[in-house]
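In: Provide a 3D model corresponding to the input given below.
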Amino acid sequence: MITAEHLTKKFGEKVAVDDVSFTVRPGLVTGFLGPNGAGKSTTMRMIVGLDRPTSGTATVDGREYARMRAPLAEVGVLLDVKAVHGGRTARGHLRAIAATHGIPRSRVDEVIELTGLGPVARRRAGGFSLGMGQRLGIATALLGDPHTLILDEPVNGLDPEGVRWVRDLVRHAASEGRTVLLSSHLMSEMAQSADHIVVLGRGTVLADAPLADLVRAWTTTTVRVRTPLPAQLALAVAGTAAEIAPVGPETLEIAGLPAARIGDIAASRGIPLHELTSASGSLEEAYLALTGESVEYRTKEFA
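Out: The predicted structure is shown next:
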């Protein structure tokens with residue numbers, strides 16, 4: 001379990017993280033989201049002792065990372081894929097890291113196979129593509145078979161097969177009761193990987209909730225209805241609190257009323273329905289609604 005309690009980090013006059021508290025529980029994949037400059041990387045760095053908090057604490061299973069005797073065996077971390085000696089081969093890099101914790105060479109071979117690095121294991125890491133660098137970083141995080149994984153943008157640069165592999169990896173780790181903290185800007189991927197979401201904006205916690213609850217709270221479920229009698233259906237539904245919008249000659253989009261209720265109303269009025277489709281909100285929509293006022297670098301929208 002990862003526990004952040006009132007974490008604050010200041011760089012001079014700039015407050016990068018402001019009184020942040022959350023818990024990452026074992027058995028779940030916790031997604032860590034936020035715009036650029038929100039404080040995600042700084043928070044993760046404080047969890048693993050790379051940045052010292054101005055105030056507050058961060059612990060893993062009740063202990064500060066710096067106090068762990070064999071941290072690699074307890075926490076696997078991917079924060080910077082470039083944190084590799086470019087002159088070493090992938091196997092050489094992993095063996096050097098393993099030697100610091102007494103990890104056998106057989107485990108190095110296991111993670112090379114697990115991450116798909118076999119064909120490039122003897123190549124120097126300095127010549128790796130971004131995707132191969134990510135695989136090496138993940139292999140390093142897995143080297144000690146840790147109970148906790150902290151992965152910052154692990155799918156960046158990976159091809160579709162690699163993205164799916166990372167998704168399966170974190171889901172499998174959670175199913176084994178491990179603690180997983182996963183940061184990514186790919187909302188569609190996070191929606192498939194995460195069980196729980198923590199959102200930061202301008203250094204503060206904007207949301208901390210199960211993914212389904214977050215989406216439900218910050219988006220609207222709509223129902224697409226196609227009928228040859230749209231005016232009659234709109235009139236029949238008008239007495240409810242629903243919002244009705246025409247989107248085609250015979251199609252309405254209705255918000256605020258479940259599909260079953262719309263179907264019952266139509267049936268009671270003898271109105272035929274040719275389509276009745278619910279469309280739930282997405283994590284991306286919820287995220288944009290949450291962080292709309294917390295974006296530090298705002299781009300111009302196209303007309």
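
In: Strands of the stretch 101-250 of the chain, residue ranges please.
Out: 148-152, 179-183, 196-201, 204-210, 222-226, 243-248 (DSSP state E, counting those that start in this stretch).

In: Is it possible to get TSV of those that adds mean neighbour count, distance to Glu64 and mean pLDDT?
Out: From N, CA and C alone the C-beta is placed, and that goes for glycine too. Output for the strands of the stretch 101-250 of the chain, formatted as TSV (neighbours: other Cβ atoms under 10 Å; distance: least, Cβ to Cβ, whole Å; pLDDT from 0 to 100):
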stretch	mean neighbour count	distance to Glu64	mean pLDDT
strand 148-152	24	13	96
strand 179-183	26	16	97
strand 196-201	24	20	96
strand 204-210	17	21	96
strand 222-226	21	47	95
strand 243-248	13	51	93
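
In: Columns distance to Ala234 on top of the ones you listed, output as a markdown table?
Out: Output for the strands of the stretch 101-250 of the chain, formatted as a markdown table (distance: least, Cβ to Cβ, whole Å):
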| stretch | distance to Ala234 |
| --- | --- |
| strand 148-152 | 49 |
| strand 179-183 | 44 |
| strand 196-201 | 36 |
| strand 204-210 | 35 |
| strand 222-226 | 9 |
| strand 243-248 | 5 |
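
In: between the ones you listed, which one is nearest to Gly37?
Out: For Gly37, the closest of the strands of the stretch 101-250 of the chain is strand 196-201, at 9.5 Å, according to Cβ to Cβ.

In: helices and strands around that closest one, which ones?
Out: strand 14-24, strand 29-33, strand 204-210, helix 211-218, helix 283-291 (3 or more Cβ pairs under 8 Å, 6 or more residues apart in numbering; DSSP states H and E).

In: one more time with 6 Å
Out: If you count contacts as 3 or more Cβ pairs under 6 Å, 6 or more residues apart in numbering; DSSP states H and E, strand 196-201 packs onto strand 29-33, strand 204-210.

In: Could you list the residues in contact with it?
Out: Strand 196-201 is contacted by residues 22, 28, 30-34, 38-40, 206-208, 210-211, 214, 290-291, 294 when judged by Cβ atoms under 6 Å, 6 or more residues apart in numbering.
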